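Peer 1: sequence plus predicted model, see below.
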Amino acid sequence: MSTEPQTPPASSTTRTSPRPTGEGLRLDTRKGRWIEHWNPEDTQQWESEGKAIAGRNLRWSIFAEFLGFVVWQLWSIVVVQLPGAGFQLSTSETFWLLSMPSLVGATLRIPYTFMVPKFGGRNWTIVSAMLLLIPSIGLAVCVSNPATPFPVLLAVAALAGFGGGNFASSMANITFFYPAREKGWALGLNAAGGNLGAAVAQLVVPIAVSLTASVVSGAGLGVAGLLWVPLILVAAVGAYRNMDNLASAKGDLAGSVAALKEPHLWIMAFLYIGTFGSFIGFSGVFPKLIKDFFPAYSSFAVGAAALSLAFLGPLVGSLARPYGGRLADRFGGARMAVAAFAAMAVVTLLVIATLPLKNFWLFLVLFLALFTASGFGNGATYRMIPVIFSTSSRAARSGAAPAQTAKLAAAALGLISAIGAYGGFFIPQVLGASSSATGSYVPAFFGFVAAYVLMLAVTAFCYLRKGSLVATSKA
C-alpha cells in the first residue's frame, strides 16, 4: 500500500470549497487527504469541523498505536511460556528477551519522531502499522521450534521494537490536531489507548495459546503472533481511508536539535523514565515476577486456558493515564507528577516490606497501585511538556511565534518519549542483575525507591519552586 508525497503537484491537486474560519483562513483539503490552514486554536473552525476531524484521526491513531503496544509486549508473556514449550534459557537470556523490545523500541522512537512532518500523520500511520507484520509473523515462526537458537530469538524479539516506535509518531501527530486547552486529555487518551495493548496482549495471548494447543496437537505459541495479523491489516486500511495529513505539521532536524539543547527536555526525559519507563518496564517483567514470587498463583485455569493476572497491571496503568492528563489540565502537571512519584516510592517500599508475608493478593494489589501511580504520572508529565516549551524554552523567552514553540514542543514530545522508554530496558536489566548478584529482587526495588525520591525532588525544584517561570503556568 503506497503513500502519497507530502506536497502533491499542482496539476494533480483538488480542493474542496474553501470555508472561511473565524480568523479569515480557509480550511482546504488537497489530494492525498492533505489539510491546509489547520488551526485548532481558532474556536470557530474547531467547533464547526475541526473537532470532528481531530476526533476521527484520534480514534484511528489509538487503534494503530494499540496494536503497536500489543506487538511490543508480546514477548513479555511469551518468554514466560518458552520453558514449557521446550526452550532452555538461562536467567540472563530470559531478561534479555524481556528487555530487548524496549531497547529497540525506545531507539526507534527517535527517527519515528521525524516521520510525521516528513510523510504526514496518515501516511506514516499506514507504514508503521504494516511494519508490525514483520515481528508478528517472525515470532510465530521462531517460537514454534524449540531448536531455534537464542540469537535468532533475540533478533526477532528486537523486531518487536517496531511497535514501541509507533508511540512517538502517534503522539507527535495528535498534538498538532488539538488546541492547547485539550491537549492533556487528547494525548492522555491516545497514550492510554496504546498502553492498553500491553494489557490486552497479556490477557489474550495465554488464552489463545492454550486453546490452540488443545485443538491442534503440537500448535501453541505461534498463535501469539499470528493472532494480530488481521487486526494490523484493518488498522492500515482504516488509516488509509479515514485519517488525514496536516500541511501545518512541519518539523525538521534543526528543530529537534534546538529541542535537544533545551535543559527542560533532559529534565522531562529523566522524569518520563520514572513514569512511563516504570509502566513499560514493569509491564514487561510483571508476569515473571508473579511466576518467581508466587509460582502457585501465576495462572488460573479457565477451561483449557491459563489466564495470567499480569494483564491487570498494564490495564490499570493505561486507564489511569488520561485521568492524570485531565487532572494536570486542571491542577498543574508538576503537582500531579510530585504526587505520582511520592505514591510510587511509598508503594514500592510497601512491596519490599510485605514480601516476607508471601501474600499473593497483597502483592497484586500493591503492584496495581504502583501501575496506577505510574499511569497518572505518565499523563501529568506528558501534559507538562507543551506548557513548559511555550513558557520557559529559549524560543518562548525570545518571543518566538506560538507556531514555532508548538513545533518545538512536538519535537520534544517525541524525543522525550524515546528517552523515557529506555526505562523499559533498564528495569528488567536491573532486576536481572540484582537476581544474579544477590539471588533477590529486593536490592533492585530499593534502587527504584531512591530513583522515585530523586525524581520527586527534581520536579519540585524545577517546576514548583517559588520563582520558577513554569510554577505559575500549570505545567
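Peer 2: Nice, I can see it.

Peer 1: so where's the stretch 1-150 of the chain uncertain?
Peer 2: 1-29 (pLDDT under 70).

Peer 1: can you give me the helices in it?
Peer 2: Taking DSSP state H, counting those that start in this stretch as the test, the helices found in the stretch 1-150 of the chain are 43-45, 51-81, 91-119, 121-131, 133-142, 150-159.

Peer 1: run the chain-centre distance for the fourth one.
Peer 2: Translated: helix 121-131. 16 Å (Cα atoms, centre = their mean, to the nearest Å).

Peer 1: between helix 51-81 and it, find me the angle.
Peer 2: 20 degrees (axes from the mean of the first three to the mean of the last three Cα atoms, to 10 degrees).

Peer 1: quick revisit: columns mean neighbour count on top of the helices of the stretch 1-150 of the chain, output as TSV?
Peer 2: Backbone N, C-alpha and C define where each C-beta goes, glycine included. Formatted as TSV, the helices of the stretch 1-150 of the chain follow (neighbours: other Cβ atoms under 10 Å):
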stretch	mean neighbour count
helix 43-45	17
helix 51-81	24
helix 91-119	23
helix 121-131	24
helix 133-142	20
helix 150-159	18
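
Peer 1: for Met384, find the nearest of those helices.
Peer 2: Of all the helices of the stretch 1-150 of the chain, helix 91-119 sits nearest to Met384, with 17.9 Å by Cβ to Cβ.

Peer 1: what angle sits between the closest one and helix 133-142?
Peer 2: For helix 91-119 against helix 133-142, the angle by the same axes, to 10 degrees is 160 degrees.

Peer 1: contacts for stretch 425-436 next, please.
Peer 2: 91-92, 94-96, 98-100, 102-103, 106, 273, 277-278, 281-282, 284-285, 289, 440-444, 447-448 (Cβ atoms under 8 Å, 6 or more residues apart in numbering).

Peer 1: could I get the buried residue list for that stretch?
Peer 2: Phe425, Phe426, Ile427, Pro428, Gln429, Val430, Leu431, Gly432, Ser434, Ser435 (16 or more other Cβ atoms under 10 Å).

Peer 1: thinking again about what came up before, now tabulate the helices of the stretch 1-150 of the chain in a markdown table and tack on distance to Ala168.
Peer 2: As requested, those are exported to a markdown table (distance: least, Cβ to Cβ, whole Å):
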| stretch | distance to Ala168 |
| --- | --- |
| helix 43-45 | 27 |
| helix 51-81 | 10 |
| helix 91-119 | 4 |
| helix 121-131 | 10 |
| helix 133-142 | 17 |
| helix 150-159 | 17 |
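
Peer 1: for Val205, find the nearest of those.
Peer 2: Closest among those, using Cβ to Cβ: helix 51-81, at 4.8 Å.

Peer 1: quick revisit: wait, which of the helices of the stretch 1-150 of the chain is closest to Tyr323?
Peer 2: Ranked by Cβ to Cβ, the member of the helices of the stretch 1-150 of the chain that lies closest to Tyr323 is helix 51-81, at 16.0 Å.

Peer 1: what packs against the closest one?
Peer 2: Packing partners of helix 51-81 (3 or more Cβ pairs under 8 Å, 6 or more residues apart in numbering; DSSP states H and E): helix 91-119, helix 121-131, helix 133-142, helix 161-177, helix 183-215, helix 223-226, helix 229-242, helix 263-293.

Peer 1: let's have those helices in CSV, adding distance to Leu454.
Peer 2: Below are these laid out as CSV (distance: least, Cβ to Cβ, whole Å):
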stretch, distance to Leu454
helix 91-119, 21
helix 121-131, 34
helix 133-142, 35
helix 161-177, 25
helix 183-215, 24
helix 223-226, 37
helix 229-242, 39
helix 263-293, 9
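
Peer 1: closest one to Leu312 among these?
Peer 2: Judging the helices and strands packed on helix 51-81 by Cβ to Cβ, what sits closest to Leu312 is helix 183-215, at 7.4 Å.

Peer 1: pLDDT averaged over that closest one - what is it?
Peer 2: Mean pLDDT, computed over helix 183-215, is 79.

Peer 1: return the set of buried residues in it.
Peer 2: In helix 183-215, counting by 16+ other Cβ under 10 Å, buried: 183-213.
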